[in-house]
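J.: Provided below are the primary sequence and the corresponding predicted coordinates.
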Amino acid sequence: MEKLIGPKKIKIAVFISGKGSNLNNLIKFSKLKNYPFLISLIISNTKKAEGLRFSKKYGIEKKIIKYEKNLQIDKKILKILKKRNIKLICLAGFMKILSKNFIKKFQGKIINIHPSLLPKYKGLNTHLRAIQNKEKYAGCSVHYVTSKLDSGKIILQKKVKISKKETDVSLAKKVLKKEHLIYPAAIKKILN
Ligand code: GRF
């Protein structure tokens, strides 16, 4: 990953589909001097994503792109990223699976946050499955994105204890707090 020289910050695009609490959190961290990145683009696959409001709030450019796995769309996004000198993509609740071609073209520069202790519980409904399996711990992972779902190299993880009365909703809240700690830290780690 490119090293930082002086006050220059690496430009990041965050891909979202929903609430955008991780996006909001990353933007906040990006404003700190010792966090070497800048969120300069928000991409959503739907105009309904609540997180798009952070575009207006912080004056960050947004693009709504109905993502589908095809070369045309890949080309369109890659052009947008290149033009803005985006060096890293952070997926944060992005509910689409990127094409193999796209991942290859942006190799090693796409990361994701996943609400489980990978390699356990890839995919959806992670919290419910962890509770049903009577796991003692749950957590979250930041990892590189490869063409195999939720399987790339892990950058950082954080675990939380599952309490006796835990529900998927309470666990999601607990884990999200940890997500907000490890995502900025993971970016810092790979950029340093
Ligand atoms: C997070 O739990 C993240 O781990 C998962 O989707 C959720 C997104 O939440 N991939 P938010 O939109 O960042 O609030």
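T.: In hand now; what should we look at?
J.: any idea which residue of this structure lies closest to the ligand?
T.: G93 (2.7 Å; C-beta to the nearest ligand atom). C-beta: built from backbone N, CA, C; applies to glycine.
J.: that residue contacts G18, correct?
T.: Yes: if you go by C-beta atoms under 8 Å, G93 and G18 touch, sitting 4.7 Å apart.
J.: what number of residues lie near A186?
T.: A186 sits with 20 neighbouring residues when counted by other C-beta atoms under 10 Å.
J.: need phi/psi at it.
T.: The phi/psi pair for A186 (degrees, to the nearest 10) reads phi -70, psi -40.
J.: got the contact list for it?
T.: A186 is in contact with 111, 142, 155-156, counting by C-beta atoms under 8 Å, 6 or more residues apart in numbering.
J.: what two of those residues are the furthest from one another?
T.: The most widely separated members of those, counting by C-beta to C-beta, are I111 and L156 (10.0 Å).
J.: show me which of these two is the more surrounded one.
T.: I111 (23 against 19).
J.: confirm that the more buried one sits in a strand.
T.: Yes: assessed by DSSP: H, G, I helix; E, B strand; the rest coil, I111 belongs to a strand.
J.: contact residues of this protein facing the ligand?
T.: 16, 18-22, 51, 92-93, 113-115, 140, 176, 179 (C-beta under 6 Å from any ligand atom).
J.: circling back: the residue of the chain closest to the ligand: neighbour count?
T.: For G93, using other C-beta under 10 Å, the count is 21.
J.: okay, and it sits in which element?
T.: Under the criterion DSSP states H and E, no helix or strand holds G93.
J.: who's in contact with it?
T.: G93 sits next to 16-20, 22, 51, 113 when contact means C-beta under 8 Å, 6+ apart.
J.: that one and S55, how far apart?
T.: According to C-beta to C-beta, to the nearest Å, G93 and S55 sit 15 Å apart.
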